[in-house]
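Trainee: turn this into a structure:
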Amino acid sequence: MIRRVRRKTNPVKEKPNVRSLETKEIAKEGIESTVIEDVCTVEEEHGADWIAIPDDTLVGIFGLLNYRDRASLASVCQTWRRLAASPCLWTSLDLRAHTMDAEMAVSLASRCKDLTRLRFRGAGPANAIIGLKAAGLRDLSGDVCRDLSDATLSMIAARHECLESLQLGPDCERLTSDAIRVVAVCCPKLKRLRLSGLKEVDAEAIGWLVKMCPNLMELGFLDCLAVDEGALGSVSSLKFLSLAGCRNISWNVAAHALGKLQNLNALDVSRTEVTPGAVSRLLGVPQLKVLCALNCPILEDNSDAVSYSSKTKVLLARFTDVVKGLESLFPDFFSSEAQSSPGAEALLGSPSRQMWTVRSENKSLDLREWVEWVLSHALLRIAESNTPGLDNFWLKQGTAIMLSLLKSKQEDVQEKSATALAIFVVIDDENAAVDKARAEAVMHGGGIASLLQLAKSCREGVQAEAAKAIANLSVNTEVAKTVATEGGIRILAALAKSPNRWVAEEAAGGLWNLSVGEEHKGAIAEAGAIEALVELAFKWPSGGEGVLERAAGALANLAADDKCSMEVAVAGGVHALVMLARFCKHEGVQEQAARALANLAAHGDSNGNNAAVGKETGALEALVQLTCSSHEGVRQEAAGALWNLSFDDRNREAIAAAGGVEALVALAQSCSSGSQGLQERAAGALWGLSVSEANSIAIGREGGVAPLIALARSESEDVHETAAGALWNLAFNPGNALKIVEEEGVPALVHLCSSSHSKMARFMAALALAYMFDGRMDEVAAGAALCENNARGGGLDAARKLAMRNIDAFVQAFSDQPTLQAATVSWAPSCLSAVAESARIQEAGHLRCSGAEVGRFVTMLKNGSPVLRGCAAFALLQFTMPGGRHAMHHASLLQKAGAGRVLRGVAAAATAPLQAKVFSRIVMRNLELCPSDTLQSFL
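Mentor: Residues are numbered from 1 along each chain as shown. The predicted structure follows:
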């Protein structure tokens with residue numbers, strides 16, 4: 001006997017620290033609203049002579065695309081290749097998604113003559129920067145610079161003397177003051193320097209900056225262990241200074257030194273131990289307009305001690321009205337007119353527009369840009385710290401500020417704000433839980449539309465962070481509906497096809513979360529996302545664990561739907577998921593791949609996916625191997641997949657041949673301290689395998705009886721129900737039945753039969769006891785002494801009496817005596833129907849019996865025990881009830897077993913138990929209702 005359980009879609013376990021397309025696809029999916037759309041429309045409506053388009057027009061079109069798309073168009077013809085390589089199109093380059101090496105730098109060098117802005121990630125690409133030969137480079141920004149050394153930075157500075165802006169971080173722990181001195185000497189045009197995570201910035205390094213960089217207007221030393229605060233007073237050219245996160249500053253000394261800076265307009269001391277006295281003194285400096293002091297514990301605990309004139313100064317702190325302060329500085333800061341859509345930005349200037357705009361010789365830095373950058377950085381770090389007690393700040397001020405920053409013209413600010421939104425809604429990484437109020441505040445503030453607009457940008461960094469925010473927010477069901485309504489599914493489906501792994505990863509994460517909702521699965525399939533998700537498994541077979549886990553997770557959710565499961569199989573999903581299960585060593589990927597295969601295999605009666613998974617080379621062997629994983633989630637999902645796959649006869653035997661019996665018995669033995677989900681699936685997989693007599697014997701031989709009895713004692717209904725099913729199958733074999741008695745399984749089954757809240761658990765426990773004491777076990781027990789641990793129970797006879805008493809009580813519990821008596825008087829169909837409905841166990845209709853099992857129940861109808869006859873008739877009633885999934889199958893088996901004569905005999909016997917008489921008559925009626933050839937044999 002086996003029941004296959006279709007696995008429901010599970011909540012996503014994503015950890016939300018969580019992170020182009022061919023031109024025709026861009027137009028189709030709405031990835032970028034640019035001139036390309038108009039060109040494609042003209043081509044479709046009137047036909048276009050691309051050869052006749054002037055070169056300068058083509059260069060203008062190319063300027064609206066990112067470098068990936070330009071590279072794709074360059075392969076069309078020689079003319080386009082020449083135009084796409086025009087240096088004017090390569091003034092900006094974002095290589096964060098690539099591992100740039102010397103060879104790649106050399107290949108790009110010919111195009112980078114006019115390169116002015118470059119973004120990179122990691123120390124490896126930093127070493128290759130000089131190979132670009134971009135002598136005119138002005139803006140350089142590096143992420144993840146933990147391994148960046150003084151030597152590498154010195155070499156970069158020496159080759160790029162035109163640098164005006166340098167930003168490196170976070171965690172530049174290997175950089176020292178020596179590197180700052182070299183930068184100062186080699187880059188005299190430097191206007192902005194932002195360094196994060198240095199261990200020390202000494203007075204000599206600051207002195208060299210003062211001496212060699214007369215145009216230095218912005219300085220940022222963030223999260224540095226030590227900064228010589230006194231020396232900062234000598235940087236007279238400074239307009240903007242950030243010391244955010246620097247914990248070892250003497251603020252009395254700093255306030256005195258900074259008060260000397262005649263040009264200092266704005267100061268950031270967020271996340272520091274700044275005192276109220278120092279803040280009051282700094283706000284007393286005439287030229288200082290803005291002081292940002294977010295998340296400063298000492299200041300916040302003593303906010304009443306801060307004195308300043310709010311008419312001339314703006315203090316941005318958690319205890320002040322930040323929104324009002326920003327509006328006083330920039331009246332349009334929170335207005336919708338201030339936002340600049342990606343499409344509009346593209347028409348005003350190409351995506352290669354510099355992050356830090358140089359507007360004129362007289363105004364190279366802008367207060368608003370600095371405030372936006374400081375706020376985005378501060379809010380991101382506060383969100384990352386997940387400091388408790390900030391709900392009021394986030395809901396009243398923080399959310400509105402972040403949503404406004406999404407509309408900034410600075411790419412870096414947009415990215416950080418989107419990342420902050422993605423992180424601040426998450427309150428439990430482990431269970432992927434989001435704060436309902438925060439998520440819906442973003443939604444009601446128009447944040448979903450803004451994030452989707454950014455996701456359509458041609459800038460891949462912005463795309464990735466916007467998709468990440470959408471993904472995390474979509475854990476909330478109301479937000480997910482808004483994302484779907486505003487076209488987010490189609491946008492994410494298009495981004496999942498991105499050649500940028502980070503973009504594809506976050507888009508797949510968004511589809512994973514959205515696919516939790518049943519109402520979104522059809523739209524995801526219609527958007528072409530299934531093909532994109534399957535393709536991701538082949539695009540990054542190694543090194544892309546994040547994208548693979550999210551893609552497999554989304555496919556797992558989609559595979560839970562019958563129609564989508566077919567589309568996953570048609571798209572090649574079975575092969576892709578099996579490859580991940582076989583060859584990927586990342587536990588998150590293994591878990592989601594196994595879950596996806598489990599859901600694909602859960603539709604065996606409506607499509608061929610169950611058999612298809614079993615036929616895929618190495619699939620069953622891989623799943624068996626995964627049950628031995630050290631990761632509980634992997635073991636659980638692999639066992640779940642084997643459970644569903646065992647519904648297919650061929651798969652069942654193939655699983656056993658692949659070592660599945662031994663592996664699953666070992667899993668059942670070791671999972672007593674595991675989760676209920678793991679215990680349920682371990683017992684369920686053994687239940688599925690035990691349908692085969694040979695497997696049942698093997699399970700008993702390998703020691704599977706004892707752990708199943710232990711699981712049958714579980715308080716969890718799901719666990720003890722599946723364990724009861726497995727023991728029922730095992731009890732069919734007399735040798736296993738004796739093992740169950742010896743391992744004290746009778747008391748466990750009796751407890752289930754009498755006390756479980758699950759009708760199915762009670763039913764299957766009763767049937768297991770009936771198998772054990774219908775006489776077949778006696779032959780095995782006759783030559784074997786029961787174990788000593790059963791002696792105190794009074795031996796086999798005592799166990800039999802206990803079992804019979806509880807089987808009878810179980811059947812009586814489903815039998816209303818007045819209704820039974822009324823049925824025996826007239827045998828009217830209405831009376832029989834009333835008895836049948838009161839006795840029916842709905843879930844039993846999902847159970848499927850073999851011919852041997854049906855034959856055993858028919859034989860049991862002739863047993864000398866009235867209790868067993870009543871139990872057998874009750875079981876056959878359940879298996880033949882109209883509407884049951886396998887009622888026709890059981891009717892056919894009853895015909896082959898010659899049950900008609902036996903049923904009629906029991907129904908007519910004067911000495912038969914009342915339950916057996918009535919239930920047998922109902923079984924006969926059920927068989928008569930079957931529209932099959934079986935009818936004649938029962939007439």
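Trainee: now the helix or strand hosting E591 - C-alpha only, PDB.
Mentor: Assigned by DSSP states H and E, E591 belongs to helix 587-600. Extracted in PDB, the C-alpha atoms of helix 587-600 (Å, rounded to 0.1, in the frame of the first residue of the first chain):
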ATOM      1  CA  GLU A 587      24.100  22.400  -0.200                       C
ATOM      2  CA  GLY A 588      21.600  25.100  -1.000                       C
ATOM      3  CA  VAL A 589      21.600  24.100  -4.600                       C
ATOM      4  CA  GLN A 590      21.300  20.400  -3.700                       C
ATOM      5  CA  GLU A 591      18.300  21.100  -1.400                       C
ATOM      6  CA  GLN A 592      16.400  23.100  -4.000                       C
ATOM      7  CA  ALA A 593      17.200  20.700  -6.800                       C
ATOM      8  CA  ALA A 594      16.000  17.800  -4.800                       C
ATOM      9  CA  ARG A 595      12.800  19.700  -3.800                       C
ATOM     10  CA  ALA A 596      12.100  20.500  -7.400                       C
ATOM     11  CA  LEU A 597      12.500  16.900  -8.400                       C
ATOM     12  CA  ALA A 598      10.200  15.900  -5.600                       C
ATOM     13  CA  ASN A 599       7.500  18.300  -6.900                       C
ATOM     14  CA  LEU A 600       8.000  17.100 -10.500                       C
END
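Trainee: what's the first helix or strand after it?
Mentor: Helix 587-600 is succeeded, C-terminally, by helix 609-615 (DSSP H and E).
Trainee: quick check: buried residues in that next one?
Mentor: The neighbour-count check on helix 609-615 (16 or more other Cβ atoms under 10 Å) flags 609-614 as buried. Placement of C-beta: from N, CA and C, glycine included.
Trainee: switch these over to a markdown table; also include distance to L108 and pLDDT.
Mentor: Shown next, in a markdown table, are the buried residues of helix 609-615 (distance: Cβ to Cβ, whole Å; pLDDT from 0 to 100):
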| residue | distance to L108 | pLDDT |
| --- | --- | --- |
| N609 | 46 | 91 |
| N610 | 50 | 92 |
| A611 | 50 | 92 |
| A612 | 45 | 93 |
| V613 | 45 | 95 |
| G614 | 49 | 94 |
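Trainee: and those, which is closest to S714?
Mentor: The closest of these to S714 turns out to be N610 (Cβ to Cβ; 27.7 Å).
Trainee: got the end-to-end distance for stretch 262-280?
Mentor: Between the opening and closing residues of stretch 262-280 we find a distance of 17 Å, counting by Cα to Cα, to the nearest Å.
Trainee: that stretch: which residues count as buried?
Mentor: Those would be 264-272, 274-279, for stretch 262-280 by 16+ other Cβ under 10 Å.
Trainee: also stretch 157-169?
Mentor: Applying 16+ other Cβ under 10 Å to stretch 157-169 flags 157, 159-160, 163-169 as buried.
Trainee: which of these sit farthest apart?
Mentor: Among the buried residues of stretch 157-169, R159 and G169 lie farthest apart (Cβ to Cβ), at 21.1 Å.
Trainee: residue contacts, D101?
Mentor: Going by Cβ atoms under 8 Å, 6 or more residues apart in numbering, D101 touches 124-125, 128.
Trainee: now, of those, which are buried?
Mentor: By 16+ other Cβ under 10 Å, the contacts of D101 give 125, 128 as buried.
Trainee: would you list the contacts of D101 in TSV and tack on distance to V854, pLDDT and secondary structure?
Mentor: Listed next are these as TSV, based on distance: Cβ to Cβ, whole Å; pLDDT from 0 to 100; DSSP: H, G, I helix; E, B strand; the rest coil:
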residue	distance to V854	pLDDT	secondary structure
G124	67	85	helix
P125	69	87	helix
A128	73	89	helix
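Trainee: what's the closest of the contacts of D101 to S690?
Mentor: G124 (54.3 Å).
Trainee: just the terminal-to-terminal distance for stretch 624-632.
Mentor: Stretch 624-632: ends 14 Å apart by Cα to Cα.
Trainee: actually, stretch 690-706.
Mentor: Stretch 690-706: ends 15 Å apart by Cα to Cα.
Trainee: ok, the buried residues of stretch 157-169 vs L903, which is closest?
Mentor: G169 (81.1 Å).
Trainee: neighbours of the nearest residue to that closest one once chain neighbours are set aside, how many?
Mentor: Spatial nearest neighbour of G169, chain neighbours left out: S196 (2.6 Å); criterion: Cβ to Cβ, 6 or more residues apart in numbering. For S196, the count of nearby residues is 22 (other Cβ atoms under 10 Å).
Trainee: contacting residues for S196?
Mentor: 168-172, 220-224, 245.
Trainee: now the phi/psi pair for it, please.
Mentor: Backbone torsions of S196, given as degrees, to the nearest 10, read phi -130, psi 130.
Trainee: partners of it in the sheet?
Mentor: Following DSSP bridges, S196 is listed with bridge partners L222.
Trainee: ok, now how distant is it from L380?
Mentor: 12 Å (Cβ to Cβ, to the nearest Å).
Trainee: for T482, same thing?
Mentor: T482 is 24 Å from L380, by Cβ to Cβ.
Trainee: where does the prediction get shaky in the stretch 551-700 of the chain?
Mentor: Within the stretch 551-700 of the chain, the ranges that satisfy pLDDT under 70 run 604-605.
Trainee: do the chain as well
Mentor: Using pLDDT under 70, the chain drops low at 1-49, 67, 336-365, 542, 604-605, 782-794, 931-939.
Trainee: 80 instead, please
Mentor: 1-52, 64-72, 98-99, 335-365, 429-432, 540-543, 604-606, 779-795, 825-826, 930-939 (pLDDT under 80).
Trainee: contacting residues for the closest residue to P188 other than its chain neighbours?
Mentor: Once flanking residues are discounted, P188 sits nearest to M212: 5.5 Å by Cβ to Cβ, 6+ apart. Residues near M212 by Cβ under 8 Å, 6+ apart: 184-185, 188.
Trainee: out of these, which sit inside helices?
Mentor: By the criterion of DSSP state H, membership of the contacts of M212 in helices covers 184-185.
Trainee: in CSV: the contacts of M212, plus distance to C849 and neighbour count.
Mentor: As requested, the contacts of M212 are exported to CSV (distance: Cβ to Cβ, whole Å; neighbours: other Cβ atoms under 10 Å):
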residue, distance to C849, neighbour count
A184, 84, 22
V185, 86, 17
P188, 88, 15
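Trainee: nearest to L316, of the contacts of M212?
Mentor: Among the contacts of M212, A184 lies closest to L316 (Cβ to Cβ), at 30.2 Å.
Trainee: check contacts around the closest one.
Mentor: By Cβ under 8 Å, 6+ apart, the contact list for A184 reads 190, 205, 208-209, 211-213.
Trainee: of the residues you listed, buried ones?
Mentor: Looks like these have 190, 205, 208-209, 212-213 buried, using 16+ other Cβ under 10 Å.
Trainee: mind listing which of these are in helices?
Mentor: Reading helices off these with DSSP H, I get 205, 208-209, 212.
Trainee: quick check: the residue nearest to P188 vs T176, distance?
Mentor: 17 Å.
Trainee: can you check G700 too?
Mentor: G700 is 69 Å from T176, by Cβ to Cβ.
Trainee: which one's more surrounded, these two?
Mentor: Neighbour comparison, G700 and T176: the larger count goes to G700, with 21 against 18 (by other Cβ under 10 Å).
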